[in-house]
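Participant: quick one, what's the 3D model for this:
(2 chains)
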Amino acid sequence: MESILTINNLTKKFGYLTAVKDLSFTINKGNVYGILGPNGSGKSTTLGIVLNVVNKTQGDFHWFDGNISTHNALKKVGAIIERPNFYPYMTATQNLRLVCKIKGVDYSKIEEKLEVVGLLERKDSKFRTYSLGMKQRLAIASALLNDPEILILDEPTNGLDPQGIHQIREIIKQIAAKGTTILLASHLLDEVEKVCSHVVVLRKGVKLYSGRVDEMISSHGFFELKTNKQNELITLLENNTSFKNIKVEDDLITAFLNTPMESEDFNKHLFEKGIILTHLVQRKESLEEQFLQLTDNN
Amino acid sequence: MLRLLNLELQKLLLNRTSKILIFISFVLPFFVILLSSLKINVFGFFTLELGELGIFNFPIIWHLTTFFASQFKFFFAIVVVSMIGNEYSNKTIKQNLIDGLSKKEFILSKFYTIVFFSLVSTILISLISLCIGLYYSSYTEASIIFRETEFLLAYFVKLIGFFSLCLFFGMLVKRSAFALAFLFILYILEWILFGLMAWKLDTSLAEKIQNFFPLKSMYKLIDQPFQRIAMTKFPDKVDLSYDYGAHWYEIAIVIGWTALFIFLSYRLLKTRDL
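Facilitator: Okay, here's the model as predicted:
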């Protein structure tokens, strides 16, 4: 698979503090990646290093095939970090023209991208008159100007109201649907869960996991069950070796699997035993549950 | 190169404050020079015409106009300092780098802008001096007109040197006001050092060393012209004579400082985490 960004043993120290420690991972074309981690886990520092604004202490990274200088590679990358940074005295169009000049992109892209983020009517308003949500959308338009190979978003919904968060997520989903590689750093797990196929989990600058979201912890998921014959069901589950533990909350029974099992077969088995379910849901742990499990175990 | 200049010009010319300051720094000196060249009737008592004094004669006019115009460099110095300060306070420097500008290109785009405005200023001052000179000067032979035009070169180098110093201070402290304060501190520091040297060593040696200091070396490029004007009035007073020329070594010193300031600005940006 074509790699877009390769990071090898990257380390960054701020004085005594090690913000990123011996980090290695690869970003491949076409996937949507999430970088997860609590605040201060080194997400932004890592992105800062690959985006040429923070100097690395050790290790190395390269963009694409490695034959291109970082600043030229960045012309093929779209990135927004934390807060939207623009010239307050320029209008949206003027700000984007400046970005076009830096990236070497034609001005004709400006209107097209403003349309995507829904700022076309406000294109001649000065940046300082924008609300935070609009500023963030302008930042996305700016990052999209060059039709980037990869879009890097660092906490894109930070500080936005629910409406703003929803708008940004919709835009991200649209972009992801077009096949653009996305790298999304966030501590909001449901945000990552909704859009990402792969994750890198960091804690205190150390990588805990990188790979597919659904393979993050070795788990076969669990059943949520309800029935009128609750006691019989519990006894049956306890005697079945396919389940490792059972949790009962009011009338809801949660049974965790230790081998794969289809809900269809399980339902049939129970029916034959004379237990009729009123509620059956099979699912995997949410990213939040997986993440907490991962960060606790290590 | 044009791309980088274009980039910076957009940043400056769309900002109202810097536009006004640029306008002032260009128009004010020429306005003053033009005004002084006019015949002024002081309340009907007498007419003041500076041109009559012979100060607008070639070649002395080159010396005079460049000296006066360079006093107005401070306005553009504010622009230079704030063009760095704004990039830091808006965090747009970070965004520029992320968008694919290299750190070297960032410094170069500022430096090219400095060179550009210095060049425009030099061209304007040479045109206006030429016009006033042709109008007032008693000598209009080409050989006399173009004598001492090295003052124009000195003016150009002086502006670039001074603005490069401002650029460096801007990069160093990231805030416009502090950078201007630093300029003032450097000025005082140079005089304190000079005082110390004059006290411990001897004055003439101290003066020689002082000519290597950044601000003094820039000032020294174009010496004050008053004494020279006095000399032309009283040619027999020998004790008035002094070395007012713009020498090649003076220019070399300022170019040396310029290179150092630009290099240091680049080093600073390169090693800094934004």
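Participant: and the strands in the stretch 51-200 of chain A?
Facilitator: A:58-63, A:77-81, A:150-154, A:181-186, A:198-203 (DSSP state E, counting those that start in this stretch).
Participant: which strands and helices sit next to the second one?
Facilitator: Pointing back at strand A:77-81 there. On a contact count with 3 or more CB pairs under 8 Å, 6 or more residues apart in numbering or on different chains; DSSP states H and E, strand A:77-81 meets helix A:43-50, helix A:132-144, strand A:150-154, helix B:92-98. All C-beta atoms are positioned from the backbone trio N, CA, C, and that covers glycine.
Participant: re earlier: now render the strands of the stretch 51-200 of chain A as a markdown table, adding mean neighbour count and mean pLDDT.
Facilitator: As requested, the strands of the stretch 51-200 of chain A are exported to a markdown table (neighbours: other CB atoms under 10 Å in any protein chain shown; pLDDT from 0 to 100):
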| stretch | mean neighbour count | mean pLDDT |
| --- | --- | --- |
| strand A:58-63 | 16 | 90 |
| strand A:77-81 | 25 | 88 |
| strand A:150-154 | 23 | 90 |
| strand A:181-186 | 23 | 88 |
| strand A:198-203 | 23 | 87 |
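Participant: Throw those into CSV and include distance to B:Q95, thanks.
Facilitator: Below are the strands of the stretch 51-200 of chain A laid out as CSV (distance: least, CB to CB, whole Å):
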stretch, distance to B:Q95
strand A:58-63, 18
strand A:77-81, 8
strand A:150-154, 12
strand A:181-186, 17
strand A:198-203, 24
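Participant: of those, which is nearest A:E2?
Facilitator: Among the strands of the stretch 51-200 of chain A, strand A:181-186 comes nearest to A:E2, with 9.6 Å by CB to CB.
Participant: that closest one: how far from the chain's middle?
Facilitator: Centroid separation for strand A:181-186 versus its chain: 5 Å, with CA atoms, centre = their mean, to the nearest Å.
Participant: next: stretch A:285-298.
Facilitator: The answer for stretch A:285-298 is 15 Å, by CA atoms, centre = their mean.
Participant: up against chain A, what does the stretch 1-150 of chain B have?
Facilitator: Selection of the stretch 1-150 of chain B residues close to chain A by CB under 8 Å from any CB of the partner chain yields B:3, B:6-7, B:10-11, B:14-16, B:86, B:90-92, B:94-103, B:105.
Participant: give me the low-pLDDT residue ranges for the stretch 151-274 of chain B?
Facilitator: B:235, B:237-241 (pLDDT under 70).
Participant: what does it have sitting close to chain A?
Facilitator: Near chain A, when you scan the stretch 151-274 of chain B using CB under 8 Å from any CB, you find B:K270, B:T271, B:R272, B:D273, B:L274.
Participant: out of these, which are buried?
Facilitator: Among these, those classed as buried by 16 or more other CB atoms under 10 Å in any protein chain shown are B:L274.
Participant: can you flag which of the residues of the stretch 151-274 of chain B next to chain A belong to helices?
Facilitator: B:K270, B:T271 (DSSP state H).
Participant: which among the residues of the stretch 151-274 of chain B next to chain A gets closest to A:V20?
Facilitator: Scanning these for proximity to A:V20, where the rule is CB to CB, the winner is B:D273, at 12.2 Å.
Participant: that older thread, please pick the buried ones from the residues of the stretch 1-150 of chain B next to chain A.
Facilitator: Listed as buried from the residues of the stretch 1-150 of chain B next to chain A are B:7, B:10-11, B:14-15, B:86, B:90-92, B:94-103, B:105; burial here means 16+ other CB under 10 Å.
Participant: who's in contact with the residue of the stretch 101-250 of chain A found nearest chain B?
Facilitator: Residue of the stretch 101-250 of chain A nearest chain B, by CB to the nearest CB: A:I102 (4.6 Å). For A:I102, the contacting residues are A:K75, B:L7, B:N96, B:D99, B:G100, B:L101, by CB atoms under 8 Å, 6 or more residues apart in numbering or on different chains.
Participant: just flag the most distant two among those residues.
Facilitator: A:K75 and B:L7 (13.8 Å).
Participant: neighbours around A:R128, how many?
Facilitator: 11 (other CB atoms under 10 Å in any protein chain shown).
Participant: in chain A, what spans have low per-residue confidence?
Facilitator: Scanning chain A for pLDDT under 70 picks out A:217-218, A:297-298.
Participant: chain B contacts on that one?
Facilitator: Counting by CB under 8 Å from any CB, the residues of chain A that sit close to chain B are A:14, A:48, A:51-55, A:69-75, A:77, A:79, A:81, A:83, A:85-90, A:94, A:97-99, A:101-103, A:142.
Participant: tell me where the stretch 1-150 of chain B has strands.
Facilitator: Secondary structure of the stretch 1-150 of chain B (DSSP E, counting those that start in this stretch): strands at B:39-42, B:46-49.
Participant: ok, the closest residue in space to B:G133 that isn't next to it in sequence to A:V53 distance?
Facilitator: Of all residues not flanking B:G133 in the chain, B:I61 sits nearest, at 4.6 Å (CB to CB, 6 or more residues apart in numbering or on different chains). From B:I61 across to A:V53, the span is 50 Å (CB to CB, to the nearest Å).
Participant: which of these two has more residues huddled nearby?
Facilitator: More neighbours surround B:I61 than the other of B:I61 and A:V53, with 26 against 21 (other CB under 10 Å).
Participant: and that one, what does it touch?
Facilitator: B:I61 neighbours (CB under 8 Å, 6+ apart): B:I55, B:S129, B:I132, B:G133, B:Y136, B:S137.
Participant: the fifth one reaches B:L64, doesn't it?
Facilitator: Read that as B:Y136. No. B:Y136 lies out of contact with B:L64 (CB atoms under 8 Å); the separation is 11.4 Å.
Participant: need the residues touching each of those two.
Facilitator: With CB under 8 Å, 6+ apart, B:Y136 and B:L64 have common neighbours B:F56.
Participant: ok, these two, which is more surrounded?
Facilitator: Higher neighbour count among B:Y136 and B:L64: B:L64, with 25 against 19, using other CB under 10 Å.
Participant: would you mind measuring from that one to B:F162?
Facilitator: Taking CB to CB, one finds B:L64 at 19 Å from B:F162.
Participant: same deal with A:K247?
Facilitator: Counting by CB to CB, the gap from A:K247 to B:F162 is 75 Å.
Participant: same thing with A:S219?
Facilitator: 68 Å.
Participant: between the two, who's got more neighbours?
Facilitator: More crowded of A:S219 and B:F162, by other CB under 10 Å: B:F162, with 28 against 16.
Participant: so which elements touch the helix or strand encompassing the more buried one?
Facilitator: Assigned by DSSP states H and E, B:F162 belongs to helix B:150-173. For helix B:150-173, the elements it packs on are helix B:60-70, helix B:73-89, helix B:103-136, helix B:176-200, helix B:214-221, helix B:248-271, judged by 3+ CB pairs under 8 Å, 6+ apart.
Participant: so which of those is nearest B:K233?
Facilitator: Judged by CB to CB, the one of those that comes nearest to B:K233 is helix B:60-70, at 11.5 Å.
Participant: got the angle between the closest one and helix B:150-173?
Facilitator: Calculated by axes from the mean of the first three to the mean of the last three CA atoms, to 10 degrees, helix B:60-70 forms an angle of 10 degrees with helix B:150-173.
Participant: now do helix B:60-70, average pLDDT.
Facilitator: Average pLDDT, helix B:60-70: 85.
Participant: quick one: residues contacting B:E105.
Facilitator: With contacts defined as CB under 8 Å, 6+ apart, B:E105 is in contact with A:H71, B:L4.
Participant: typed the wrong thing, it's A:S186
Facilitator: Counted by CB under 8 Å, 6+ apart, A:S186 has contacts A:G34, A:I35, A:L36, A:E155, A:P156, A:T157, A:V192.
Participant: at 7 Å what do you get?
Facilitator: A:S186 sits next to A:G34, A:E155, A:V192 when contact means CB atoms under 7 Å, 6 or more residues apart in numbering or on different chains.
Participant: mind putting those residues into CSV with neighbour count and distance to B:L260?
Facilitator: What follows is the contacts of A:S186, written out as CSV (neighbours: other CB atoms under 10 Å in any protein chain shown; distance: CB to CB, whole Å):
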residue, neighbour count, distance to B:L260
A:G34, 27, 46
A:E155, 19, 40
A:V192, 23, 49
